[in-house]
Every structure is written in C-alpha cells, then in structure tokens.
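Engineer: can you look at this prediction? I've put the sequence above it.
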Amino acid sequence: MQRRSNRLSQPFRHAVVTLAILLVTACSSDKSEAPPPTIAPAAAADSPTVTAAPAGTVRPSPVGAFAAVVDPATRALVVLSADRPDRATVTIIDPNGAQAPVPLPGGATAMTADGPGRVAVAVRGGYAVLDVAARALSRVAVSGREDAEFTAIARRGDGRMVLGDAGGTVYTLAADNTVAASLKIFARVDGIVTQGDTAVVLDRGQTSVTSLNAEGTSADLALRAGDGATTMVADPNGRVLVADTRGGELLVYGVDPLMLRQRYPVPDSPYGLTASGGKKVGLAWVAQTATNTVVGYDLATGIPVEKVRYRTVQQPNTLAFDDASDTLYVVSGTGGGVQVIPGAAR
C-alpha cells in the first residue's frame with residue numbers, strides 16, 4: 001500500500017512561508033496606519049423654546065455664533081460666528097453693547113484669547129490675530145501647511161502657538177511660526193487649552209483628553225473623558241474643565257500631571273463652559289442646553305457645589321466671563337441673543 005507523504009514540496013513550502021510573511025506585514029501595516037477607534041461625537045441638545053425671561057439683559061447676537069472670549073484690555077466681548085463654512089465673522093461687542101463686525105473671508109473654526117488686546121482665530125492654512133481696539137486682522141501662514149484645516153488653537157505660556165487640525169495632528173510652532181513639532185495620534189483635534197507650557201487636547205471622537213510634553217512631540221498622559229466629551233476650558237487656578245455631554249457630568253482635571261480630580265453629575269445636556277475668578281471666588285460655569293439654564297459651581301472644597309443658577313437664552317452653547325465686572329455672557333447658538341448677567345457670581 002502506498003503511504004501518503006506528510007512532507008510538502010519545496011516550492012509549496014516557499015509559497016506558504018511567503019504568504020505568511022505578507023499577511024503578517026499587511027496586518028502590522030494596517031494596525032499602525034489605521035485611525036484610532038472612535039465613537040460618534042456627542043453634541044449639545046436642541047434647546048426648547050424660552051418660556052421665561054432670561055436673567056439680566058439680552059442684546060442681539062450674530063447668526064451662527066460658536067465661540068466667545070472677553071478681552072481684558074478693552075473689556076469687550078469677542079464673538080466668532082459663521083453663517084456658512086467659507087465665511088466667518090468676528091464681532092466685537094463693547095461693554096455698552098455697541099457691535100463692530102470684522103469679516104473673515106474663507107471661514108474660521110476656533111478662537112482663543114491671545115493676551116491683552118488680542119484674539120487669535122484658527123483659519124485654513126494658519127491663524128489670524130485680531131487687534132481688538134483697532135479692529136484689525138493680520139493673518140499668519142504656517143509654512144508647509146497652507147491647505148491644513150485647523151480646528152483648534154491655543155497659546156502656551158512661553159508664547160508658542162499650538163494648532164490642531166481635522167486630520168488629528170497637533171502642531172507646536174516655533175517663534176517664527178514654522179512647525180517645530182507635530183504629533184498625529186488623534187482622530188480629530190476638537191479643542192486645545194493650555195496651562196503654562198502644557199497643552200491639553202480634546203478629541204470628541206475618542207472622548208479623551210491628552211496632555212503633551214513640552215516639545216510637543218509626544219503625549220505625556222491620555223485619559224478617557226466620560227461617555228461623550230464635547231467642550232473644554234482652562235480655569236484661572238490651573239485646572240482644565242470638560243463637559244461630558246453624553247454622560248451628564250462636569251469633569252475637572254489637574255495638569256501636573258494630567259489627572260481627573262473631580263467629577264460631578266450635571267443633567268440636561270451640559271455643554272457651554274467657562275470659568276471665573278481666583279481662588280476665593282472662582283466658579284465653574286456650565287450651561288444645560290436641554291433646559292436653557294446656566295449653573296455656577298464652586299470647586300474649592302474638592303467637590304463641585306452649586307452656588308448660583310440662571311435662566312438663559314435659547315441654546316446657551318457658548319459662555320464667557322469678565323472677571324473685572326463679574327459679568328457672565330451667554331451666547332445663543334440659534335441667534336437668540338447675547339445674554340448679559342452682571343454680578344453673576346453674587
């Protein structure tokens with residue numbers, strides 16, 4: 001009887017080995033080049049119609065407002081809005097309510113305070129700096145990134161600008177605005193804030209916060225941020241505040257090192273965020289878009305304690321605070337007005 005041989009022919013063995021190597025190489029390549037796993041980003045709830053008078057006074061608001069800061073030099077509220085993707089406007093609203101729109105052809109995606117008298121705005125290919133008093137814009141191009149869709153912007157304590165783009169890369173710029181370092185580990189960069197020289201990145205798709213090293217070349221620490229983080233701000237006491245809109249929580253992080261210090265349930269779709277004051281009077285302000293409400297929390301005791309609560313304009317997506325006058329600004333995301341609440345912390 002003829003026995004069946006268990007030995008493979010030489011050409012066949014070579015083919016099997018070659019196929020195995022190709023499969024391992026392909027799997028390794030796919031793993032390293034694939035984008036990070038993500039979830040559907042959370043978003044603010046659609047607010048109901050306003051049925052009771054908002055606190056304070058309400059002034060007209062730009063259509064499509066989505067970011068706001070207070071300039072400490074002029075005490076003006078600066079609002080960034082866009083009525084279509086390729087056209088944005090920076091509106092300067094002085095303390096008396098007078099408004100001066102400054103157009104931004106080409107659109108804009110994010111804004112940050114850039115020192116007394118200045119505001120920086122992320123635009124395609126770089127950023128623009130607004131002189132608030134002069135109402136004048138100057139554009140700064142990032143060499144080699146002329147087509148980048150920048151989506152986040154912040155300036156570090158040492159003066160270096162940090163930008164993030166829609167492709168998930170964070171760029172740390174040198175003093176001459178060339179790219180000194182880049183880091184691509186994110187699904188998308190939805191927000192950047194700084195505490196000193198530490199930049200912290202928000203990625204809504206990964207619902208994560210990540211601190212970068214001083215060089216901007218790697219992540220120091222990366223932490224999950226609830227079930228659906230949407231917004232992030234830095235507060236005057238060295239903390240970073242994050243709204244977990246899907247999970248219904250306020251998250252409070254320290255940055256040296258990055259660590260979750262406090263978490264507190266905030267119902268009704270927390271979204272808009274800002275922070276006010278120093279160590280004795282500082283509050284974290286959280287807007288609840290499902291009920292048109294804003295709440296001020298004291299964080300000093302180690303657990304958020306509600307101090308004040310106000311009715312707001314419809315869709316209170318954007319908050320800003322003027323510490324000099326203790327004034328809270330609530331900007332509607334649907335054109336429902338800019339709400340001005342003086343003496344808000346009291």
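Structural biologist: Yep, that arrived. Numbers count the residues shown, from 1 in each chain.

Engineer: so where's the stretch 51-200 of the chain shaky on pLDDT?
Structural biologist: Within the stretch 51-200 of the chain, no stretch has pLDDT under 70.

Engineer: repeat the analysis, applying 90 as the threshold.
Structural biologist: 83-85, 105 (pLDDT under 90).

Engineer: wait, doesn't residue 171 sit right on residue 182?
Structural biologist: Yes - assessed by Cβ atoms under 8 Å, residue 171 is found in contact with residue 182 at 5.1 Å. All C-beta atoms are positioned from the backbone trio N, CA, C, and that covers glycine.

Engineer: more neighbours: the two, which one.
Structural biologist: residue 171 (23 against 15; other Cβ atoms under 10 Å).

Engineer: can you confirm the more buried one is in a strand?
Structural biologist: Yes - per DSSP: H, G, I helix; E, B strand; the rest coil, residue 171 lies within a strand segment.

Engineer: residues contacting it?
Structural biologist: Applying Cβ atoms under 8 Å, 6 or more residues apart in numbering to residue 171 gives the contacts 142, 145, 162-165, 179, 181-182, 216.

Engineer: compute the distance between it and residue 43, please.
Structural biologist: Distance from residue 171 to residue 43, counting by Cβ to Cβ, to the nearest Å: 26 Å.

Engineer: the closest residue to residue 226 other than its chain neighbours - how many residues pack around it?
Structural biologist: Nearest residue to residue 226, sequence neighbours excluded (Cβ to Cβ, 6 or more residues apart in numbering): residue 244, at 2.9 Å. By other Cβ under 10 Å, the residues close to residue 244 number 23.

Engineer: which residues touch residue 244?
Structural biologist: 42, 207, 225-230, 250-251, 270.

Engineer: list the beta-bridge partners for it.
Structural biologist: residue 229, residue 249 (DSSP bridges).

Engineer: so what pLDDT did it get?
Structural biologist: pLDDT, the model's per-residue confidence, is 98 for residue 244.

Engineer: same check, this time on residue 24
Structural biologist: The model's pLDDT for residue 24 equals 36.

Engineer: and for the one 3 residues further on?
Structural biologist: Reported pLDDT at residue 27 in the predicted model: 41.

Engineer: quick check: neighbours shared by residue 171 and residue 182?
Structural biologist: With Cβ under 8 Å, 6+ apart as the test, residue 171 and residue 182 both reach residue 216.

Engineer: measure residue 88 to residue 74 for me?
Structural biologist: For residue 88, the distance to residue 74 - Cβ to Cβ - is 21 Å.

Engineer: those two - which one has more neighbours?
Structural biologist: Neighbour count, other Cβ under 10 Å: between residue 88 and residue 74, residue 88 has more, with 26 against 15.

Engineer: give the contact list for residue 271.
Structural biologist: 44-45, 230-231, 243, 245, 287-289, 316-317.

Engineer: one more time with 7 Å
Structural biologist: Residues in contact with residue 271 (Cβ atoms under 7 Å, 6 or more residues apart in numbering) are 44, 230-231, 243, 245, 287, 289, 317.

Engineer: kindly report the same for residue 268.
Structural biologist: Residue 268 neighbours (Cβ under 7 Å, 6+ apart): 288, 290-291, 293.

Engineer: cutoff 6 Å now
Structural biologist: Residues in contact with residue 268 (Cβ atoms under 6 Å, 6 or more residues apart in numbering) are 288, 290-291.

Engineer: which helix or which strand is home to it?
Structural biologist: Following DSSP states H and E, one finds residue 268 outside all helices and strands.

Engineer: quick one on the thing from earlier: and the contacts of residue 171, which is closest to residue 120?
Structural biologist: Minimum distance to residue 120 across the contacts of residue 171 is 9.6 Å, recorded for residue 163 (Cβ to Cβ).

Engineer: residues near that closest one, how many?
Structural biologist: 27.

Engineer: so it touches residue 150, yeah?
Structural biologist: Yes - assessed by Cβ atoms under 6 Å, residue 163 is found in contact with residue 150 at 4.9 Å.

Engineer: one step back: highest neighbour count among the contacts of residue 244?
Structural biologist: Counting by other Cβ under 10 Å, top hit in the contacts of residue 244: residue 270 with 30 neighbours.

Engineer: who's that one bridged to?
Structural biologist: The residues that residue 270 bridges to, once DSSP bridges is applied, are residue 288.

Engineer: give me the pLDDT for it.
Structural biologist: 98.

Engineer: ok, it to residue 58 distance?
Structural biologist: Taking Cβ to Cβ, one finds residue 270 at 22 Å from residue 58.

Engineer: cool, residue 209 as well?
Structural biologist: 33 Å.

Engineer: so between the two, which is more surrounded?
Structural biologist: The neighbour count for residue 209 versus residue 58, taken as other Cβ under 10 Å, is higher for residue 209 (26 against 18).

Engineer: and the residue nearest to that one when sequence neighbours are not counted, backbone torsions?
Structural biologist: Computed as Cβ to Cβ, 6+ apart, the closest residue to residue 209 that is not its neighbour in sequence is residue 225, at 4.9 Å. In terms of degrees, to the nearest 10, the main-chain angles of residue 225 are phi -120, psi 80.
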